[in-house]
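Peer 1: quick one: sequence plus predicted model below, questions after.
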Amino acid sequence: MARIPVVGGNWKMNTARSEAQDLLRDVRARLDGIAGVEVIVFPPAPWIADAADMLCSSGLRVGVQNVYWEPKGAFTGEISPVMIGATATDVLVGHSERRHVFGETDAETNRKLRAVLDAALRPTLAIGELREEAEGGQTEAVLRRQLLGAFEGFEALPDNLIVAYEPVWAIGTGLAATADDAQERCALVRRILAERFNHSSADACRVQYGGSVNAENAAGYAACPDVDGVLVGGASLNGASFEAICRAFVA
Ligand code: PGA
């Protein structure tokens, strides 16, 4: 099954507005109209409207890093998926920093995932085990728990959903998983999706690797049959690195 690879650039809570505009301009100049790989940039929420304007009709998509699950109301400081639909197409759900810095649970991830889909946005669902869970041989159990929790009550695997497998110990540490390990874990994610839903939807679902991806190691992941792209943090803040990573996935 041919899956079009997809690369996400998660800027996290970085960039002043002028830096964001410079980076958007640079990313557009480098990747405008790129074929064979889908590209999504996830700038900080205050720069989403700038990103939507500056990447307009480039083929590059704009996403947000987090949303709340309610469409509107008295939820001071939160962002509605419905509002996001005016400027962005994609949303990160369940990123490791949401889970481990802000204490988001699997049940909250499930509510966010539903809200994102209800707003006709495309979710990138991030999952991954902590170092101690990996060392304790619990990786499979953790991935299974996070996936089953996120999909609680779902009848079908949404066809516009991306899963990002990001081992927490690899995020921002420079300790990237080897390509073999990324392949094995992404294949495991696909097996769990096939068990929970069915083979054809699991086969069609894009599964990314994330965690210290850079311009040098991206080609190794691109060569893995079950790694359908990467979710990039630090290296997405540099236009040249991000371009090289995206191009590594063009067949
Ligand atoms: P990193 O972050 O590439 O800086 O390790 C990845 C992520 O958090 O998505």
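Peer 2: Received it, and whenever you're ready, just let me know what you need.

Peer 1: only C-alpha atoms from now on, for both contacts and neighbour counts.
Peer 2: OK.

Peer 1: interface residues of the stretch 101-250 of the chain facing the ligand?
Peer 2: 171-172, 210-213, 231-234 (Cα under 6 Å from any ligand atom).

Peer 1: at 8 Å what do you get?
Peer 2: 166, 170-174, 176, 210-214, 231-236 (Cα under 8 Å from any ligand atom).

Peer 1: ok, now which ones touch residue 179?
Peer 2: Contact analysis of residue 179 by Cα atoms under 8 Å, 6 or more residues apart in numbering lists 220-221, 224.

Peer 1: how about residue 117, phi and psi?
Peer 2: With angles defined as degrees, to the nearest 10, residue 117 sits at phi -70, psi -40.

Peer 1: go ahead and confirm it touches residue 123.
Peer 2: Yes. With contact defined as Cα atoms under 8 Å, residue 117 counts as touching residue 123 (7.2 Å).

Peer 1: these two: which has the busier surroundings?
Peer 2: residue 123 (25 against 17; other Cα atoms under 10 Å).

Peer 1: circling back: return the member of the contacts of residue 179 nearest to residue 8.
Peer 2: Here the nearest of these to residue 8, counting by Cα to Cα, is residue 221; it sits at 14.1 Å.

Peer 1: so the closest one versus the ligand, what's the distance?
Peer 2: From residue 221 over to the ligand the distance is 13 Å, taken as Cα to the nearest ligand atom, to the nearest Å.

Peer 1: likewise residue 190?
Peer 2: Residue 190 sits 19 Å away from the ligand, taking Cα to the nearest ligand atom as the criterion.

Peer 1: residue 192 now?
Peer 2: 21 Å.

Peer 1: from memory that residue sits against residue 142, does it?
Peer 2: No. Taking contacts as Cα under 8 Å, residue 192 lies outside contact range of residue 142: 11.5 Å.

Peer 1: give me the nearest residue to residue 220, chain neighbours excluded.
Peer 2: In space, residue 220 comes closest to residue 179 once its chain neighbours are excluded; the distance is 5.6 Å by Cα to Cα, 6 or more residues apart in numbering.

Peer 1: show me the helices in the protein, by range?
Peer 2: Under the criterion DSSP state H, helices of the chain are mapped to 17-31, 48-54, 81-84, 96-100, 106-118, 131-135, 139-150, 179-196, 199-204, 218-222, 239-248.

Peer 1: mean pLDDT added to the ones you listed, as a markdown table?
Peer 2: What follows is the helices of the chain, written out as a markdown table (pLDDT from 0 to 100):
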| stretch | mean pLDDT |
| --- | --- |
| helix 17-31 | 98 |
| helix 48-54 | 98 |
| helix 81-84 | 95 |
| helix 96-100 | 97 |
| helix 106-118 | 98 |
| helix 131-135 | 97 |
| helix 139-150 | 98 |
| helix 179-196 | 98 |
| helix 199-204 | 98 |
| helix 218-222 | 98 |
| helix 239-248 | 98 |
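
Peer 1: among the ones you listed, which is nearest residue 75?
Peer 2: Per Cα to Cα, nearest to residue 75 of those: helix 81-84, 12.8 Å.

Peer 1: in contact with residue 58, which residues?
Peer 2: Applying Cα under 8 Å, 6+ apart, we find residue 58 in contact with 28, 32-33.

Peer 1: looking at those residues, which is nearest the ligand?
Peer 2: Of all these, the ligand sits closest to residue 28, with 20.0 Å by Cα to the nearest ligand atom.

Peer 1: contacting residues around whichever residue of the stretch 1-150 of the chain sits closest to the ligand?
Peer 2: Here the stretch 1-150 of the chain gets closest to the ligand at one residue, residue 10, 5.8 Å apart by Cα to the nearest ligand atom. Residue 10 is in contact with 41-43, 65, 231-234, 236, counting by Cα under 8 Å, 6+ apart.
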